[in-house]
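Q: Generate a structure from the sequence data that follows.
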Amino acid sequence: MYRYSIIVPVHNIELNYLTQCLNSVKEQTYDEFECILINNSSVANHIVAFIEKWVADHKNKFRLIHDQVNGGFGTARNIGVRNATGDFVIFLDAADYIEHTMLETINKYAKKCRHLEILSFSALWLNSDNELTKLNQNYEGWQPYTLTNVNLSHNLAKDKVHIWSKCYAKHFLLEKDIWHLDYFGYGIDLYFHIITYSKANQIYVIDEPLYVRRKELHLHNCQSLHPKDKLFNAIDCAFNAFEKIRKDDSVLSKYFYTFFKFFFETYMIGEYADIQKEEWWDTVYTRFTKMYQWLIKIGH
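A: Numbers count the residues shown, from 1 in each chain. Sure thing, here's the model as predicted:
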């Protein structure tokens, strides 16, 4: 029987969102789990008081760890992984919530796929009118696959970057020495996605929405960062990931220049097509081009 560790970095968020998040964990239909709350040292006092009481009332399932470093989401997630006792870890944002059958569903596939390292699932977007829409992903025909095959770049780019729609085997993260960037900026999920998918041998993708994401809230938070800075951060995080892959596995790194081109041309550059006439766009594209040329060099 597998045990699951749900890691929740707590930040300054409305208490009704946080309550819904924690209730969605508490009400899971599968009972073998723990929930680790990581308290960022910048969290408001009333939120700290709330989570301390919550943990005191639910000691059998919830734990609280105080992050004195205040290193952001990456640091908090790493603390959670280091303290997890489960066989698998799931990263949950304090503003979001999960379906009450999430763990039961994941466990069904974990038992089916004996050497599972990553399980990727679908999600629902929740808007300000409390309307749910399914995350648009094409999963038709997907099966467990090995990332060292010729379809590596296509499969890696086709699946979504979001780490909150994944379940990771803890032994896989520890044995492969995979950690989040201790970084505040945009793009840390992209880094973690590239590193984990480059090192995994068994990934299963299911078309079942198990996670609910507050789309407009997260978009609002992202909008505080200038599009140029978002792109710079994403490209730099990708570069850090590819550089690590190159050092760890020079053969595997040859596949990744194709992925990089596919991902940035269809997602990052496509997403910002309306701003490509801005004065700063040439600077972004120059940085992207240098990265791509570097990847082509190691890919041949």
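Q: so where is the stretch 101-250 of the chain shaky, pLDDT-wise?
A: Residues of the stretch 101-250 of the chain meeting the criterion pLDDT under 70: 136-159, 183-186, 216-235, 245-250.
Q: residue ranges for the strands of the protein, please.
A: Using DSSP state E, the strands found in the chain span residues 4-10, 33-40, 62-67, 88-91, 97-98, 118-126, 132-134, 166-169, 203-214.
Q: could those be laid out in a markdown table, adding distance to residue 16 and mean neighbour count?
A: C-beta coordinates here come from the backbone N, C-alpha and C atoms, glycine included. As requested, the strands of the chain are exported to a markdown table (distance: least, CB to CB, whole Å; neighbours: other CB atoms under 10 Å):
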| stretch | distance to residue 16 | mean neighbour count |
| --- | --- | --- |
| strand 4-10 | 14 | 24 |
| strand 33-40 | 17 | 23 |
| strand 62-67 | 18 | 18 |
| strand 88-91 | 21 | 26 |
| strand 97-98 | 11 | 22 |
| strand 118-126 | 13 | 21 |
| strand 132-134 | 17 | 12 |
| strand 166-169 | 26 | 24 |
| strand 203-214 | 11 | 20 |
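Q: Looking at these, which is nearest to residue 17?
A: Between residue 17 and those, the shortest separation by CB to CB is 7.1 Å, and it involves strand 203-214.
Q: Could I get the strands of the chain in a markdown table, plus columns for distance to residue 80?
A: Shown next, in a markdown table, are the strands of the chain (distance: least, CB to CB, whole Å):
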| stretch | distance to residue 80 |
| --- | --- |
| strand 4-10 | 3 |
| strand 33-40 | 5 |
| strand 62-67 | 8 |
| strand 88-91 | 7 |
| strand 97-98 | 16 |
| strand 118-126 | 17 |
| strand 132-134 | 27 |
| strand 166-169 | 11 |
| strand 203-214 | 17 |
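Q: Of all those, which one is nearest residue 81?
A: Shortest distance between residue 81 and these, using CB to CB, is found for strand 88-91: 5.8 Å.
Q: picking up where we left off before, nearest to residue 160 among the strands of the chain would be which one?
A: Comparing those by CB to CB, strand 118-126 comes nearest, at 7.4 Å.
Q: Can you spell out which helices and strands pack onto the closest one?
A: With contacts defined as 3 or more CB pairs under 8 Å, 6 or more residues apart in numbering; DSSP states H and E, the packing partners of strand 118-126 are helix 102-112, strand 132-134, strand 166-169, strand 203-214.
Q: Helices of this protein, start to end?
A: For the chain, the helices defined by DSSP state H cover 15-26, 45-57, 72-83, 102-112, 152-158, 170-175, 188-199, 215-222, 227-248, 256-263, 269-271, 281-299.
Q: quick revisit: same list (the helices and strands packed on strand 118-126) but as JSON lines, adding distance to residue 8.
A: Formatted as JSON lines, the helices and strands packed on strand 118-126 follow (distance: least, CB to CB, whole Å):
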{"stretch": "helix 102-112", "distance to residue 8": "14"}
{"stretch": "strand 132-134", "distance to residue 8": "21"}
{"stretch": "strand 166-169", "distance to residue 8": "15"}
{"stretch": "strand 203-214", "distance to residue 8": "13"}
